[in-house]
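**Q** structure for this input, please:
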Amino acid sequence: MTRSSAQPPARATYRHGDLRRALIEAGVALAREGGPDSVALREATRRAGVVPNAAYRHFASHAELLHAVRAEALAAVARAMEAELERASRAHPAGRSATSKVIRARARLRAVGLGYIRSAVAEPGLFRVAFRSPAAAIETSPDPAKAGESGLNPFELLGTVLDELVSAGALPAERRPHAEYVAWSAVHGLAMLVLDGPLQGAGRAQVQALATRVLDMVERGV
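**A** Below you'll find the model as predicted:
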């Protein structure tokens, strides 16, 4: 091996920016490649180009790194949902009539579900990390690390569109409590069937058709 092609030695310090951020980015890359079981602190430090002990200044354990990567994964899911919400809002601009408000609210409910499913299909490794721990997705206080551009995490985005349904008169107020779980269980179930269940390998058209039927069910059932 020539000197020019040799692997540079690992450093004890990080000289090119924020080591914490570099470690998180390495963890996200590992998650994309193999899901939560691939997120290893030692491998993240190797990719960041530092000795393993350097990581402990920022993450005391593998669990702490995984928590930070999970926050990034949740933010990615939120951004996918926001992208679909933006499309739905453009297709159904806010109107004054009761009918237009209902149509818009229903379209936005479907959008968050579609964004959620598409996120799972597009980034299966990150998606698995995002929902490895049930408590990771449900936040009682805002956490910008787990939020999209709107400042809301996936669970909060779902809650927002359900509130819009109530305001539009499309969802009776007495059925609003815990409606998040009704909707979430349906779309998450489909996502997991596609990722890890009997729908593995299903084509894009089939997944889209099933997503449409599941979202029809959610819209009627909440």
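**Q** any weak-confidence spans in this structure?
**A** Along the chain, the model assigns pLDDT under 70 to residues 1-17, 133-142.
**Q** list the buried residues for the host helix or strand of R104?
**A** Here R104 sits within helix 98-122, counting by DSSP states H and E. Buried residues in helix 98-122, counted by 16 or more other C-beta atoms under 10 Å: 101-121. Quick note: C-beta positions are derived from backbone N, CA and C, even for glycine.
**Q** from V161, how far out is R110?
**A** Here the criterion is C-beta to C-beta, to the nearest Å. By it, R110 lies 9 Å from V161.
**Q** now do A107
**A** In this view, A107 and V161 are 9 Å apart by C-beta to C-beta.
**Q** same question for L23.
**A** L23 sits 35 Å away from V161, going by C-beta to C-beta.
**Q** what do you get for L210?
**A** 21 Å.
**Q** looking at these two, which is more packed in?
**A** Comparing L210 with V161 by other C-beta atoms under 10 Å, the one with more neighbours is V161, at 23 against 16.
**Q** list the contacts of that one.
**A** L85, A105, R108, L109, A111, V112 (C-beta atoms under 8 Å, 6 or more residues apart in numbering).
**Q** how far away is the residue found closest to S119 once you drop the neighbours it is linked to in the chain from V102?
**A** Computed as C-beta to C-beta, 6 or more residues apart in numbering, the closest residue to S119 that is not its neighbour in sequence is A80, at 3.8 Å. Separation of A80 from V102 (C-beta to C-beta) stands at 25 Å.
**Q** G159 now?
**A** Taken as C-beta to C-beta, the span from G159 to V102 is 18 Å.
**Q** now do the helices in the protein.
**A** Along the chain, the stretches classed as helices by DSSP state H are 19-34, 41-48, 52-55, 62-91, 98-122, 124-130, 134-137, 154-168, 179-196, 204-221.
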